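**Student:** Need coordinates for the following:
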Amino acid sequence: MKSKILQSISIGILLLGFFSIILFEECDAEDENHEISIINKSYEVVKTEKLGTQTVIYFKISLILHNSGSVTSEDITVSIWDENDGLKTHRNGTIPPGKSLSFVFGENDDWMVIGLGEHNVNIIFSPTNESRRTQYNSGSATLVISTDDAINDNSSPGFEIILVVIAIVALMFFKRKNKR
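**Tutor:** Numbering: from 1, shown residues only. Predicted structure coming up:
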């Protein structure tokens, strides 16, 4: 009698453990189906224009989002805007599991800011269908772009060539000195 009760309790504990492992794994996998994150953000100055007293700088901004989840993402909307003007620009796309997708702003319709200095570009991404938004398929970031580089290029053109020539002359001088 005692062995039957002990056997029933042991089977119950094993079944309980087995089902809790299965349920725990299911919940974990369900939450991580879409693991979307920004893995790269960069910019380049396309052109600069002077309009009256204002300086307008056009940019090409590239963002790369990665899906490290196990399922293709929903349609993701990526939005960017300059803190100073607040006008949002959007791009959409779906990201296969284990893949990355590039979102480019300013490629055809030049993305611009007005005024020199640093600008904070806000970035948000989330499913286009907001009811599907979770912490795993949405996020935000800030990209600081500097417009001073577009106007004040303090490099000396050709200076690198002079350094290479000086290095070659110095190398030849030391070789000749060592031969003597």
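**Student:** How about residue 143, nearest residue that isn't a chain neighbour?
**Tutor:** Leaving out its chain neighbours, the residue that sits closest to residue 143 by C-beta to C-beta, 6 or more residues apart in numbering is residue 121, at 4.4 Å. C-beta here means a position set from N, CA and C on the backbone, and glycine is covered the same way.
**Student:** which residues of this structure score low on pLDDT?
**Tutor:** 1-2, 6, 10, 12, 14-33, 109-110, 148-159, 180 (pLDDT under 70).
**Student:** Regarding it, what is its longest strand?
**Tutor:** Determined from DSSP state E, the single longest strand within the chain is strand 36-51.
**Student:** so what strands line up beside it?
**Tutor:** In the sheet, strand 36-51 lines up against strand 54-67 (antiparallel) (DSSP bridges).
**Student:** mind listing what's buried in the strand it pairs with?
**Tutor:** Under the neighbour-count criterion of 16 or more other C-beta atoms under 10 Å, strand 54-67 has 55-63, 65-67 buried.
**Student:** Which residue ranges of this protein form helices?
**Tutor:** Remark: helices assigned in the chain by DSSP state H are 2-31, 148-151, 159-179.
**Student:** Closest to residue 116 out of the buried residues of strand 54-67?
**Tutor:** Minimum distance to residue 116 across the buried residues of strand 54-67 is 5.7 Å, recorded for residue 55 (C-beta to C-beta).
**Student:** ok, that closest one touching residue 116?
**Tutor:** Yes: here residue 55 lies in contact with residue 116, judged by C-beta atoms under 8 Å, at a distance of 5.7 Å.
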